[in-house]
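Peer 1: give me a 3D structure for the following:
(one chain, ligands or ions: 1)
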Amino acid sequence: MPEAAIPPRVRTARPGDLDALLMLEQASFTGDRMSRRQYRHHLHNPRAVMLLAQDGKRIVGSALLLFRRGTQAARLYSIAVDPQARGRGVGRALLAACEQRAAGRGCTRLRLEVHADNRAAQTLYQRAGYHRRGQRVGYYEDGGDAWLMEKTLAAPPY
Ligand SMILES: CC(C)(COP(=O)(O)OP(=O)(O)OC[C@H]1O[C@@H](n2cnc3c(N)ncnc32)[C@H](O)[C@@H]1OP(=O)(O)O)[C@@H](O)C(=O)NCCC(=O)NCCS
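Peer 2: So this is what the prediction gives:
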C-alpha cells in the first residue's frame, strides 16, 4: 500500500507531547508562533482540545481547537503538518477530527482564520467545505490579512 494511503492516527495531545509540539511549531511557522507557555496552557485548558497526528511513533501534525461559553461556534486556532509529511492527507485527517470533536461538544460551526497568501491551507479548507465569511486587515505579524472562514458542521449521530 503506498504511504499516502495510510491514514494517520489522530489522538488527543498529552502534557508529555509538549517538546514534540514545539518542534512541529518551529518547523511549520515562520511567524505568529505559539510559545511553550501557550502550549502548556492549552494542554491543560478545559476549553481547548489539542490533537496530534502520529505516523508510528513520530508526531507529524497537530491542531488546536478552542471553545467559548455562549457560542456554538468552535475555533480552529492552529493546524500544522511536518514539512516532511505534507501532501499525504494528514492535514485533511486532522481537520476532520477537529470537526468531529467540535460537533461532539455541541458546536454547529467551525471557524478559522487563514493568511491571505497561504494557498495550501486555503485549498485544504475549501476542499473540506469551508467558505469565506470575511477578512481581517493586518491580522498577522507580517502585516498580512486574514481570511475568515467557516463551515456548518453535521450533527453527530446518536
Ligand atoms: C496547510 C497544511 C496544514 C496542509 O497539510 P497537508 O497534510 O499537507 O494537507 P493534505 O495533504 O491533507 O491536503 C489536503 C488538501 O489541501 C490541498 N493542499 C495541500 N497542500 C497544498 C499546496 N501546497 N498547494 C495547494 N493545495 C494544497 C490538497 O490538494 C488537498 O486536497 P485534495 O486532497 O482534495 O487534493 C500544511 O501545508 C501546513 O502545515 N502548512 C504550514 C502551517 C500552516 O500554514 N497552517 C495553516 C494555518 S491557517
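Peer 1: my guess is residue 72 meets residue 108, correct?
Peer 2: Yes: counting by CB atoms under 8 Å, residue 108 is a contact partner of residue 72 at 4.5 Å. Using the backbone N, CA and C atoms, a C-beta is placed for each residue, glycine as well.
Peer 1: got phi/psi on residue 130?
Peer 2: Main-chain torsions, residue 130, degrees, to the nearest 10: phi -80, psi 150.
Peer 1: what residues does the protein put near the ligand?
Peer 2: 28-29, 79-81, 86-92, 114, 118-121, 123-124, 127 (CB under 6 Å from any ligand atom).
Peer 1: what about those, which are in strands?
Peer 2: Among these, the ones falling in strands (DSSP state E) are 79, 80, 81, 114.
Peer 1: so which residue of the protein comes closest to the ligand?
Peer 2: residue 91 (2.5 Å; CB to the nearest ligand atom).
Peer 1: ok, now which ones touch that residue?
Peer 2: By CB atoms under 8 Å, 6 or more residues apart in numbering, the residues touching residue 91 are 61, 79, 81, 121, 124.
Peer 1: for the ones in strands among the residues of the chain next to the ligand, which one is nearest residue 45?
Peer 2: residue 79 (17.2 Å; CB to CB).
Peer 1: what about the closest residue to that closest one other than its chain neighbours, neighbour count?
Peer 2: Once flanking residues are discounted, residue 79 sits nearest to residue 63: 4.3 Å by CB to CB, 6 or more residues apart in numbering. Using other CB atoms under 10 Å, residue 63 has 24 other residues around it.
Peer 1: can I assume residue 63 sits in a strand?
Peer 2: Yes: counting by DSSP: H, G, I helix; E, B strand; the rest coil, residue 63 is part of a strand.
Peer 1: give me the buried entries from the ones in strands among the residues of the chain next to the ligand.
Peer 2: Taking 16 or more other CB atoms under 10 Å as the criterion, what is buried in these is 79, 80, 81, 114.
Peer 1: report the two of those separated the most.
Peer 2: That would be 81 and 114, which, of these, are the farthest apart (CB to CB) at 14.3 Å.
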